[in-house]
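Peer 1: Quick one: sequence plus predicted model below, questions after.
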Amino acid sequence: MIMLAATVVGLLGIASAYYVYVLNPHLPDRLAGGLKSLYHASLNKWYVDELYDYLFVRPTLKAASELWKRVDVEVIDGAVNGIARAIAWGGWLLRLIQSGQTQHYALAMAVGIVVLTAYLLL
């Protein structure tokens, strides 16, 4: 039943388009002149695009811009830059205690072993 209804509506649309644009080509101009406001609304797609832009596109773009400014720039970039600064600071600190001489490192390990052994025995 639905297929039959869709076929009939499609054939009626084809027949009316044939009548309006082939048999009576001046009818669209007369209809447009008589129903100007309806014609302009139809010409502008019933202003659906403008309404969609106002209700969805603009708020979404504004929200995305605010999220970019707040979350991406302040939080994510701040975290990445903070980690980079912490690593650079840690490297600067490690540079102060590294001499490059093996005997200093061996002495530090020996002192560490003595401290750990003393801690475990006490």
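Peer 2: Sure thing, it's come through. Being a predicted model, the structure only gives us computed values, none of them experimental. Numbering: from 1, shown residues only.
Peer 1: So which residues of the chain form helices?
Peer 2: Under the criterion DSSP state H, the chain contains helices at 2-18, 27-34, 36-43, 48-52, 58-67, 77-97, 102-121.
Peer 1: Make JSON lines out of those and add mean pLDDT and mean neighbour count.
Peer 2: For the C-beta atoms, the positions are set from N, CA and C on the backbone; glycine is no exception. JSON lines is the format used below for these (pLDDT from 0 to 100; neighbours: other CB atoms under 10 Å):
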{"stretch": "helix 2-18", "mean pLDDT": "97", "mean neighbour count": "9"}
{"stretch": "helix 27-34", "mean pLDDT": "86", "mean neighbour count": "11"}
{"stretch": "helix 36-43", "mean pLDDT": "86", "mean neighbour count": "11"}
{"stretch": "helix 48-52", "mean pLDDT": "94", "mean neighbour count": "10"}
{"stretch": "helix 58-67", "mean pLDDT": "96", "mean neighbour count": "10"}
{"stretch": "helix 77-97", "mean pLDDT": "93", "mean neighbour count": "10"}
{"stretch": "helix 102-121", "mean pLDDT": "94", "mean neighbour count": "10"}
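Peer 1: what domains does the record give for the protein?
Peer 2: 1-43, 49-122 (automatic domain parsing).
Peer 1: End to end on the first one, go ahead and measure it.
Peer 2: End-to-end span of domain 1-43 (CA to CA, to the nearest Å): 34 Å.
Peer 1: which ones are touching the residue nearest the centre of the chain?
Peer 2: The centroid of the chain falls nearest to residue 64 when counting by CA atoms, centre = their mean (6.5 Å). Listed by CB atoms under 8 Å, 6 or more residues apart in numbering, the contact set of residue 64 is empty.
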